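Asker: curious how this folds, go ahead:
(2 chains)
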2 protein chains.
Amino acid sequence: MSQTTPPRIIIIGGGFAGLHAARALAGAPAQVTLADRRNHHVFQPLLYQVATAALSPADIASPIRHVLRKVRNCRVVLGELTRVDLARRQLYFEDVAVEYDYLILAAGATHSYFGRDDWAPIAPGLKTLEDATELRRRILLAFESAEYEGSEDSRRRALTFAVVGGGPTGVELAGAIKEIAAQTMPADFRFIDTTTTRVLLLQGADRLLPSYPPDLSERARRDLETMGVEVRLNARVTDISSEGVRVGEEFIPASNVFWAAGVRASPISATLGVPLDRSGRVIVAPDLSIPGHPEVFVCGDLAAATSAGSGLPVPGVAQGAIQAGTFVGSLLSRELDAIARGKTAPPRPAFSYFDKGNMATIGRGRAVAQIGRLHFAGMLAWLLWGLVHVMFLVSFRNRIMVMLSWFWNYMIFSRDARLIIGNSRLNITLPRDDPVRPRPTETAA
Amino acid sequence: MSQTTPPRIIIIGGGFAGLHAARALAGAPAQVTLADRRNHHVFQPLLYQVATAALSPADIASPIRHVLRKVRNCRVVLGELTRVDLARRQLYFEDVAVEYDYLILAAGATHSYFGRDDWAPIAPGLKTLEDATELRRRILLAFESAEYEGSEDSRRRALTFAVVGGGPTGVELAGAIKEIAAQTMPADFRFIDTTTTRVLLLQGADRLLPSYPPDLSERARRDLETMGVEVRLNARVTDISSEGVRVGEEFIPASNVFWAAGVRASPISATLGVPLDRSGRVIVAPDLSIPGHPEVFVCGDLAAATSAGSGLPVPGVAQGAIQAGTFVGSLLSRELDAIARGKTAPPRPAFSYFDKGNMATIGRGRAVAQIGRLHFAGMLAWLLWGLVHVMFLVSFRNRIMVMLSWFWNYMIFSRDARLIIGNSRLNITLPRDDPVRPRPTETAA
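Answerer: Below is the predicted model of the structure:
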């Protein structure tokens, strides 16, 4: 590193960890580059609201470039990292090689089907905006196809949704689907009663939300059941096909299966040649660097990190990523400042995760939240959840719009982003003597 | 038609004409079915605002089902019509045959490349939400790729946009692209000065907006030029390639070419076996039925209709479609009412188009409008345009949201839907000694 060329820091990933690392590096004597394969940051905790048509993609996403527009020493590039050569300090984007002085890997996680990748096209998961619009497409098409199905069996299958996985995403998705079916859709259809939609939540463990206190797990189960969701605990999914899902020995006919069960680190970790944990995450040192490579840091869902304070693993949640990104950015900023002034770098601190709490929403007016020793449920937890999530949204516009959308939906039970984008082909039949049956209820105001 | 089975009316198309026909048929003694290949109605006059990232797809679209939820005798099906057999009174959706007693064709129009369909993938047009997100993707990627281009020539080409066609869509698109480049983008980029973006509007005729009074055409040209758009009149596009566009003998290097030049009726008209005009539109009788087929009506952009009042052609605009749809729906409703009561149907009236005026927006605070003999331009026309378009939006939610989005954009010059969805692959290079140049302006607050 000469005096004339500032050291080059490359950040991979524009999620919470990458963005916060870049922000913490603002003003540092370095040339920072953030690369992502998408041009936008996605507020992942609200993805399921896009999947269930309550919000539009743009409500929960911002161009990374725009989020970082005031970080003058950082530039943003679109590109997909394919390989890292730690020994040569080089990255490969497709076949373009790029050198770095410091590297911050924050490429996140993807779905894990536990070795059954053939289930992926049948039971899509929820990690990107594209995933969310695909889920939205499938949910809306399910009702459309049920409207034309001739036999009672196929109608029932079309109106059966199985959500695999009882963590926050699974709980939120199952609750929201049931709400759409029970409250948003009824008036729009003529032949089906969408309130009879069956939503199953299949959880392998013996309780929902395993990272939450047991009383909140129990409350979430009870609330979901009150809403009409069938919660199955200790349910091992043994097969998934386009016909339905097999749980142990039982076969449940279902046209719609969604995956919220497992995550695995971005495949980029496998190119590093360093020790990984079972989920493919990089096992990092206390300062979040790769042991033996103090110039390479890993944060967010890509890292298997241990909190210095508690000795517990850092959880794969937004807060974990935000705190780790800020930690690494600040550490590096101090270090480079010292070097630029000709001083020795200060000793590196160890990363300590501060648990601000956990919250998951279940439905309108229903949520569970744990903050320190306090446990909340019901309307209070839901308002808290709404407030916290809106406040976290990256840009100001998003905050206002999201708030208005929610408030509006809350009042009228509507979901206004019900657009099927992409393939909407159905095999329709319109039998000649099909009477236009009057609907049982005429309550729409 | 027996007493027990009400006659079956099938409406093809959920655009302005189809929706208004269905609404006018509410309460009629008939079994109404509206079929569309999309689940949503799109407010086409604002599509360019989605293409230019000011609005989200959901802001200008509503599920057709939801729009018609209170029309109890109408059901909505998803399906793509492939053929009409007028003699047998049958429709074909793929290979499913469906019979009708009355048919209302409102399948709209698509792009016409005047026999150069090979231009379509290079120069996409703007008719559907998918088109709009594709244009948005291309516009945003143009700036991204310019940021990495090595040579001045390729950077200039990446930052050159050519819009072919000087009707309302072309004018609105060209103005909005120039605004994005000049006002929204500058602060987000480090290496390019997006204010140097070149936008050309290529018009074959001798003035812009040929359906407007000449003074407003002239005003639109002057306003666009003030904003920095290069307007070329009498410009015949002779070739389009991925390298650029040829106008007469001149070749203009441009990576981004958009098509707003020609429309042609939906290909469904060709399956009817009845006389069509040059654009493939069905030549209809004064009551908008197909001559010799009083049970089949055509309205909206699919019809070549003449207004009984003026003897002029009914223009292919939203108002023409709305009025024609309402006319056909009401006519049929009265006719079926009479028949149901055992009376003879009243004689059919002739359709008369009422011209409420025309308006096109050019940029922030700039528009042109003609209402009767009054001509407006500038800020007043722009406010008028905003008011009228917001009022027209189909659902209440959309009105509020669109208004807020606009107001917000108006104040901060931002465009918040800048998401590249779909393929965003670029060939990036990060040369080792690339300095992070300070930007010339540091005005972002």
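Asker: all helices for the stretch 101-250 of chain A, in order.
Answerer: A:129-148, A:152-158, A:168-179, A:214-227 (DSSP state H, counting those that start in this stretch).
Asker: for A:Ile60, find the nearest of the ones you listed.
Answerer: Among the helices of the stretch 101-250 of chain A, the nearest to A:Ile60 by C-beta to C-beta is helix A:129-148 (8.1 Å). The way it works is simple: take the backbone N, C-alpha and C, and place the C-beta from them, glycine included.
Asker: per-residue confidence averaged over that closest one?
Answerer: Computed over helix A:129-148, the mean pLDDT rounds to 90.
Asker: and stretch A:153-167, by the same measure?
Answerer: The model assigns stretch A:153-167 a mean pLDDT of 95.
Asker: on that earlier part again, same list, the helices of the stretch 101-250 of chain A, but as JSON lines with distance to chain B and mean neighbour count please.
Answerer: What follows is these, written out as JSON lines (distance: least, C-beta to the nearest C-beta, whole Å; neighbours: other C-beta atoms under 10 Å in any protein chain shown):
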{"stretch": "helix A:129-148", "distance to chain B": "5", "mean neighbour count": "21"}
{"stretch": "helix A:152-158", "distance to chain B": "13", "mean neighbour count": "16"}
{"stretch": "helix A:168-179", "distance to chain B": "16", "mean neighbour count": "26"}
{"stretch": "helix A:214-227", "distance to chain B": "22", "mean neighbour count": "18"}
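Asker: now render those helices as a markdown table, adding distance to B:Asn358.
Answerer: Formatted as a markdown table, the helices of the stretch 101-250 of chain A follow (distance: least, C-beta to C-beta, whole Å):
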| stretch | distance to B:Asn358 |
| --- | --- |
| helix A:129-148 | 35 |
| helix A:152-158 | 45 |
| helix A:168-179 | 43 |
| helix A:214-227 | 50 |
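Asker: of all the ones you listed, which one comes closest to A:Gly372?
Answerer: A:Gly372 sits nearest to helix A:214-227 of all the helices of the stretch 101-250 of chain A, at 13.4 Å, using C-beta to C-beta.
Asker: and the strands in the stretch 1-150 of chain A, which stretches?
Answerer: Secondary structure of the stretch 1-150 of chain A by DSSP state E, counting those that start in this stretch: the strands cover A:8-12, A:31-36, A:40-42, A:61-63, A:74-78, A:81-85, A:90-93, A:96-99, A:102-105, A:109-111.
Asker: quick one: closest of these to A:Val284.
Answerer: For A:Val284, the closest of those is strand A:102-105, at 9.7 Å, according to C-beta to C-beta.
Asker: what sits up against that closest one?
Answerer: A:7-13, A:17-18, A:21, A:30, A:84, A:89, A:91, A:268-269, A:282, A:295-299, A:302, A:325, A:328-329, A:332 (C-beta atoms under 8 Å, 6 or more residues apart in numbering or on different chains).
Asker: show me what the longest helix anywhere in chain A is packed against.
Answerer: Counting residues, the longest helix found in chain A (DSSP state H) is helix A:318-340. Helices and strands touching helix A:318-340, by 3 or more C-beta pairs under 8 Å, 6 or more residues apart in numbering or on different chains; DSSP states H and E, are helix A:16-24, strand A:102-105.
Asker: flag the shaky bits of the stretch 251-400 of chain A, pLDDT-wise.
Answerer: The model of the stretch 251-400 of chain A has pLDDT under 70 over residues A:390, A:392-400.
Asker: change it to 80
Answerer: Along the stretch 251-400 of chain A, the parts satisfying pLDDT under 80 run over A:386-400.
Asker: where do the helices sit along it?
Answerer: Counting by DSSP H, counting those that start in this stretch, the helices of the stretch 251-400 of chain A are A:318-340, A:378-392, A:396-412.
Asker: can you give me the buried ones in the first one?
Answerer: To tie it back to what came earlier, the one meant is helix A:318-340. Applying a neighbour-count criterion of 16 or more other C-beta atoms under 10 Å in any protein chain shown, one finds A:318-337 buried in helix A:318-340.
Asker: in the stretch 1-150 of chain A, where is pLDDT below threshold?
Answerer: In the stretch 1-150 of chain A, residues with pLDDT under 80: A:1-4, A:55, A:59, A:95, A:148-150.
Asker: ok, now with 50
Answerer: Low-confidence segments of the stretch 1-150 of chain A (pLDDT under 50): A:1-2.
Asker: if we can go back for a sec, helix A:378-392 and the longest helix of chain A, what's the angle between them?
Answerer: Using axes from the mean of the first three to the mean of the last three C-alpha atoms, to 10 degrees, the direction of helix A:318-340 lies 30 degrees away from that of helix A:378-392.
Asker: mind exporting the C-alpha coordinates of stretch A:202-221 to PDB?
Answerer: This file holds the C-alpha atoms of stretch A:202-221, laid out as PDB (Å, rounded to 0.1, in the frame of the first residue of the first chain):
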ATOM      1  CA  LEU A 202     -45.500 -28.200   9.200                       C
ATOM      2  CA  GLN A 203     -42.900 -27.900  11.900                       C
ATOM      3  CA  GLY A 204     -40.200 -30.500  12.400                       C
ATOM      4  CA  ALA A 205     -39.400 -29.500  16.000                       C
ATOM      5  CA  ASP A 206     -41.700 -29.900  19.000                       C
ATOM      6  CA  ARG A 207     -42.600 -26.200  19.000                       C
ATOM      7  CA  LEU A 208     -42.900 -23.200  16.700                       C
ATOM      8  CA  LEU A 209     -40.300 -20.400  16.800                       C
ATOM      9  CA  PRO A 210     -37.600 -22.500  18.600                       C
ATOM     10  CA  SER A 211     -35.400 -19.400  19.100                       C
ATOM     11  CA  TYR A 212     -38.200 -17.800  21.200                       C
ATOM     12  CA  PRO A 213     -39.100 -18.500  24.800                       C
ATOM     13  CA  PRO A 214     -41.500 -21.500  25.100                       C
ATOM     14  CA  ASP A 215     -44.500 -19.500  26.300                       C
ATOM     15  CA  LEU A 216     -44.400 -17.400  23.100                       C
ATOM     16  CA  SER A 217     -44.000 -20.500  21.000                       C
ATOM     17  CA  GLU A 218     -47.200 -21.800  22.600                       C
ATOM     18  CA  ARG A 219     -49.000 -18.500  22.200                       C
ATOM     19  CA  ALA A 220     -48.100 -18.400  18.500                       C
ATOM     20  CA  ARG A 221     -49.500 -21.900  18.000                       C
END
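Asker: what is the mean pLDDT for that stretch?
Answerer: The model assigns stretch A:202-221 a mean pLDDT of 96.
Asker: what residues does it touch?
Answerer: If you take C-beta under 8 Å, 6+ apart as the criterion, stretch A:202-221 is touched by A:162-168, A:170-171, A:201, A:224, A:231-237, A:245, A:247, A:261, A:315, A:358, A:360, A:362, A:368-370, A:375, A:377.
Asker: make a PyMOL selection of whichever of those turn out to be buried.
Answerer: In PyMOL, this line selects whichever of these come out buried by 16+ other C-beta under 10 Å:
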select buried, chain A and resi 162+163+164+165+166+167+168+170+171+201+224+231+232+235+237+245+247+261+315+358+360+362+368+369+370+375+377
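Asker: fine by me, thanks again.
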